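[1] task: produce atomic coordinates for the following.
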Amino acid sequence: MSVYNFCAGPAMLPAAVMEKAQKEFINWQNLGCSIMEVSHRSPAFLSVAERAEENLRKLMGISDEYAVLFMHGGGRGQFSAVPLNLTSASDQIGNYIVSGTWSKTAEIEAQKFCQTHACNVIQRVDGKLSTTPVSQWDLNNNAKFIHYCTNETVDGIEINEVPSFNDQLIVADMSSNILSKEIDVNQFDVIYAGAQKNIGPSGLSIVVIRKSIIGNKQTAIPCIQDYQLAYENNSMFNTPPTFSWYLAGVVFEWLLEQGGVSEVEQVNAEKARLLYDYIDNSKLYRNAISEQNRSIMNVPFQLADESLNQQFLAESEQQGLLALEGHRSVGGMRASIYNAMPLEGVKALVKFMHEFEGKVL
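    Purely as a prediction, here's the structure:
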């Protein structure tokens with residue numbers, strides 16, 4: 001029986017990546033030790049770091065105008081790093097677009113370090129949740145930056161428009177949809193992402209930042225959250241999460257072998273379409289997100305009869321379909337179908353959902 005892990009994060013990694021890591025785990029590059037035991041300042045590891053950055057730049061089309069930083073703390077670490085690095089004083093303002101759980105969490109964290117202007121963009125139209133168009137966002141004209149989450153993992157809401165407003169910096173939390181589809185990096189000033197969904201293991205975060213804005217920071221900033229220190233020291237001011245960095249590099253190589261982001265995007269669209277189409281035509285399942293805001297990475301759904309939830313979860317796990325329970329704050333179910341989830345996994349889920357529906361209705 002094949003096992004498919006639908007966890008929202010830490011998420012499954014591509015099988016080929018795991019097999020390569022397993023093969024190299026004890027004796028990496030015939031050094032007689034693991035990559036975890038190699039100095040981050042050794043030529044052997046430096047080549048790993050350089051190749052990972054080179055491949056990420058290739059995958060995302062990142063120009064030399066941007067720095068690529070490999071940092072600590074996952075996405076939450078960036079919730080504080082962003083205001084600390086983009087404002088020079090705590091009385092400066094950041095626009096925070098609230099479209100779900102994580103964007104709200106980011107705004108709450110930022111309140112410790114700058115003034116925040118929260119803009120709730122969630123609306124309900126014909127019973128479905130959607131976001132208001134960028135042109136209608138209620139922004140503060142005096143803010144230094146606009147922060148938004150391109151894909152809400154918990155809520156299954158994706159924002160596909162890119163904001164542009166006067167001279168404000170555009171900051172995007174792409175933790176759960178980075179590398180899932182092609183984007184124009186030049187539309188953003190800062191992109192950050194926790195690694196544990198589409199990049200690699202937890203503990204690592206990626207920051208892509210326009211070099212020209214590095215250094216306009218607050219004085220009291222922790223060194224491991226300082227973009228300038230990270231940039232000037234090639235992300236090695238202190239010991240980085242080396243194993244996560246190595247595995248991220250292997251994932252980048254795997255993505256290139258798949259044909260790059262454009263090819264992966266087509267597969268992701270097919271996976272999402274298959275699952276949403278089944279839900280929309282079902283009598284048992286429903287999704288509460290409008291079509292234009294449906295996430296292609298995280299698909300939440302509810303059962304018409306919630307008393308069947310535990311039975312659904314128990315039987316799906318018996319079929320090798322893991323971690324389908326929705327986030328505790330919203331309930332129901334959630335299928336996270338990141339890049340590593342093969343089309344066969346979504347087909348197996350739809351087959352189970354069809355059989356379960358036929359049995360209980």
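[2] can you give me the neighbour number for the residue nearest to Gly194 when sequence neighbours are not counted?
    Taking C-beta to C-beta, 6 or more residues apart in numbering as the measure, Gly194 lies nearest to Gly75, with 3.4 Å between them; neighbours along the chain are not counted. No exception for glycine: its C-beta is placed from N, CA and C like everyone else's. As a burial measure, the neighbour count of Gly75 was computed by other C-beta atoms under 10 Å and equals 25.
[3] now the helix or strand containing Gly75: buried residues?
    With secondary structure defined by DSSP states H and E, Gly75 is part of helix 74-86. Within helix 74-86, the residues that count as buried by 16 or more other C-beta atoms under 10 Å are 74-75, 77-86.
[4] what's the most distant pair in those?
    Of all pairs drawn from the buried residues of helix 74-86, the one with the longest distance (C-beta to C-beta) is Gly74 and Leu86, at 18.8 Å.
[5] if we can go back for a sec, show me what the helix holding Gly75 is packed against.
    Contact here means 3 or more C-beta pairs under 8 Å, 6 or more residues apart in numbering; DSSP states H and E; on that basis helix 74-86 packs against strand 66-72, strand 93-98, helix 101-110, strand 145-149, strand 169-173, strand 190-194, strand 204-210, helix 227-232.
[6] gap between the residue nearest to Gly194 and Ala220?
    Taking C-beta to C-beta, to the nearest Å as the measure, Gly75 falls 22 Å from Ala220.
[7] so where's the stretch 251-361 of the chain shaky on pLDDT?
    In the prediction, the stretch 251-361 of the chain carries no residues with pLDDT under 70.
[8] in it, which spans are helices?
    Counting by DSSP state H, counting those that start in this stretch, the stretch 251-361 of the chain forms helices over residues 261-280, 309-318, 343-360, given from the N-terminal end onward.
[9] now for the shortest one, which elements pack on it?
    Using 3+ C-beta pairs under 8 Å, 6+ apart as the contact criterion, the neighbours of helix 309-318 among helices and strands are strand 333-336, helix 343-360.
[10] what are the buried residues along the last one?
    It refers to helix 343-360. Of the residues in helix 343-360, those buried by neighbour count under the rule 16+ other C-beta under 10 Å are 345-346, 348-350, 352-353, 356-357.
[11] for that helix, what is the distance to the chain centroid?
    Its chain's C-alpha centre lies 26 Å from the corresponding centre of helix 343-360 when counted by C-alpha atoms, centre = their mean, to the nearest Å.
[12] and that helix with helix 261-280, angle?
    Relative orientation of helix 343-360 versus helix 261-280 (axes from the mean of the first three to the mean of the last three C-alpha atoms, to 10 degrees): 0 degrees.
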